[in-house]
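Visitor: Can you look at this prediction? I've put the sequence above it.
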Amino acid sequence: MRRELCPVENLYVAQRSRAVVSCALDGPVDTATLAAAFDSITAEGPTLLTRIVPAGSGHALALLPEDDRPRLRTRTGGEEAYTQELNDPLPVGGPLARATLVSTPEGERHLFVLVIDHVITDGHSAIALLNAVWDRYREYAGPARADRTASGPVSALPAPVSTLLPVTDPQVTAGYLQRRIDDTRGPVELLAYDVPTAGDGSREPHRIEVQRLLLDTGETGRLRRLARTAGVSVHGLVGAAVLIAARSRLDGTGPRALRCLSPVDLRSRLTPPLSPDVMVAAVTAHLSAVEVSDDSDPLELARQVGLGLRNFLDRGDHFQEMRIMPDAPRYPALQLGTVIVTNMGVVPGPRLPDGLRMTDIRLVPAREHYFPQAGRSPLMACVVSFDGCLAIEFPHHTACFSPAFTAELRDDVRATLLALAGEEQPVPVATA
């Protein structure tokens with residue numbers, strides 16, 4: 001079985017980006033049952049059984065040999081395990097997914113981590129995969145002891161999302177591309193790296209780290225109520241807070257034209273809608289340019305960010321944006337923002353069997369290649385709400401942005417959001 005990648009998917013091969021979704025657990029986990037559940041779910045999702053292989057001038061998905069298919073890895077570890085898994089890449093030619101259960105020596109606390117190549121996933125399908133594995137584990141571990149009979153033949157690989165878009169006139173798409181090129185002419189404001197050794201050939205080991213902002217249910221509820229009252233979106237509020245934090249790290253006091261890149265889910269906007277269970281990348285992006293000063297009103301910025309995104313969707317430009325994505329390598333400014341603010345919205349977490357308790361859940365993007373020699377880059381903030389708590393993850397590479405720089409920026413974002421929600425509080429101790 002083999003399927004060539006579409007031009008958009010081929011872009012993800014070069015980026016080597018991946019989704020890292022994880023949950024921390026308290027209680028007993030039967031590793032054999034979890035391994036069987038993971039095997040069962042991957043057998044039902046054909047892209048999870050593939051690898052990337054060369055195909056002409058691009059690449060294709062081809063089935064892995066049976067012995068190379070992803071299996072659950074288990075090991076003993078502690079708090080260091082998350083960073084280790086975050087920094088473990090998925091090489092081209094190998095499995096496109098990896099599952100690891102890291103347990104403390106006494107076996108009562110665990111970290112379950114799924115890493116999935118962006119070629120075959122987006123945030124929604126990554127979370128759906130996590131939930132499916134634990135749903136199957138609950139079935140296998142329950143009193144009824146669900147049948148574990150091996151699945152039948154591997155089903156057909158799903159079509160790339162770029163082939164599911166509504167039909168349009170190529171000339172209309174060409175006109176859209178030209179307008180986008182015209183709109184993005186000129187320099188893009190980016191944050192300068194603060195690491196002195198960036199790009200100097202230093203042999204100091206660097207890695208991906210994450211600074212995390214987590215609001216509790218009360219703080220999240222107040223922020224949502226403020227958004228409803230003000231007629232803005234939570235995404236707009238977060239985007240505004242991140243833009244203000246970025247602006248404070250640029251020189252001068254006057255307005256600066258900053259860009260906010262907002263990834264856009266296509267699954268729910270296709271006809272018919274595409275289920276999150278289908279393991280393909282179904283995402284495009286909207287680029288919004290706004291003027292940001294050192295004294296900008298966050299609510300007004302939130303309105304601008306939200307209105308730009310709403311108009312983008314109302315016009316159907318999200319489909320055109322997917323169509324022109326293959327042109328991004330020739331025109332990088334098409335997808336270059338000062339900040340990148342993803343927003344998964346409110347999503348469900350895993351349902352666990354009795355006796356097993358989830359203490360945390362996270363979704364973080366990572367990639368294999370960073371370029372400290374560039375001297376500057378966008379700032380990424382990954383937003384998702386689990387169990388009524390809003391989390392913003394700030395992944396960064398320590399050869400570019402230092403943990404101290406990113407933690408300070410995160411704290412500025414938190415202060416802005418809490419001030420908007422009507423409750424200023426001391427900034428808590430940093431959580432990696």
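Guide: It's in.
Visitor: Now tell me what touches stretch 158-178 from outside.
Guide: Stretch 158-178 has contacts (Cβ atoms under 8 Å, 6 or more residues apart in numbering) with 5-9, 46-47, 266, 270-271, 274, 278-282, 316-317, 319-320, 322-325, 327. In short, each C-beta sits where N, CA and C put it, glycine included.
Visitor: Now intersect those with the helices, please.
Guide: 7, 8, 9, 317, 319, 320, 322, 323, 324 (DSSP state H).
Visitor: what's the second one in contact with, if anything?
Guide: For residue 8, the contacting residues are 160, 161, 162, 281, 322, 325, 326, by Cβ under 8 Å, 6+ apart.
Visitor: Would you write a PyMOL line that selects the buried entries of those residues?
Guide: Here is the PyMOL command that picks out the buried ones among the contacts of residue 8, judged by 16 or more other Cβ atoms under 10 Å:
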select buried, resi 160+161+162+281+322+325
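Visitor: nearest to residue 141, of the contacts of residue 8?
Guide: Closest approach to residue 141 among the contacts of residue 8 (Cβ to Cβ): residue 281, at 31.7 Å.
Visitor: what's the closest non-adjacent residue to residue 308?
Guide: Excluding the flanking residues, the one nearest residue 308 by Cβ to Cβ, 6 or more residues apart in numbering is residue 288, at 3.9 Å.
Visitor: shaky segments in this protein?
Guide: Along the chain, segments meeting pLDDT under 70 span 144-154, 197-204, 423-432.
Visitor: What residue spans form the domains of it?
Guide: 2-141, 163-348+365-420 (automatic domain parsing).
Visitor: Using TSV, please lay out those together with distance to residue 354.
Guide: Below are the domains of the chain laid out as TSV (distance: least, Cβ to Cβ, whole Å):
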stretch	distance to residue 354
domain 2-141	9
domain 163-348+365-420	18
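Visitor: which residue is nearest the middle of the chain?
Guide: In the chain, the centroid-proximal residue (Cα atoms, centre = their mean) is residue 365; its distance is 4.2 Å.
Visitor: Show me where the stretch 251-400 of the chain has its strands.
Guide: 256-265, 283-292, 339-346, 357-367, 376-377, 379-386, 389-397 (DSSP state E, counting those that start in this stretch).
Visitor: Nearest approach to residue 133 belongs to which of the ones you listed?
Guide: strand 357-367 (13.0 Å).
Visitor: got JSON lines for the strands of the stretch 251-400 of the chain, with distance to residue 108 too?
Guide: Shown next, in JSON lines, are the strands of the stretch 251-400 of the chain (distance: least, Cβ to Cβ, whole Å):
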{"stretch": "strand 256-265", "distance to residue 108": "37"}
{"stretch": "strand 283-292", "distance to residue 108": "37"}
{"stretch": "strand 339-346", "distance to residue 108": "30"}
{"stretch": "strand 357-367", "distance to residue 108": "11"}
{"stretch": "strand 376-377", "distance to residue 108": "41"}
{"stretch": "strand 379-386", "distance to residue 108": "22"}
{"stretch": "strand 389-397", "distance to residue 108": "23"}
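Visitor: Next up, the contacts around the residue nearest to residue 308.
Guide: Shown in contact with residue 288 (Cβ under 8 Å, 6+ apart): 239, 259, 260, 261, 262, 304, 305, 308, 309, 312.
Visitor: Could you double-check that the residue nearest to the centre of the chain lies in contact with residue 344?
Guide: No: using Cβ atoms under 8 Å, residue 365 is not in contact with residue 344, being 11.0 Å away.
Visitor: Common neighbours of the two, please.
Guide: residue 382.
Visitor: Now for the closest residue in space to residue 398 that isn't next to it in sequence, how many residues are close by?
Guide: Excluding its sequence neighbours, the residue lying closest to residue 398 (Cβ to Cβ, 6+ apart) is residue 206, at 4.5 Å. For residue 206, the number of neighbouring residues by other Cβ atoms under 10 Å comes to 17.
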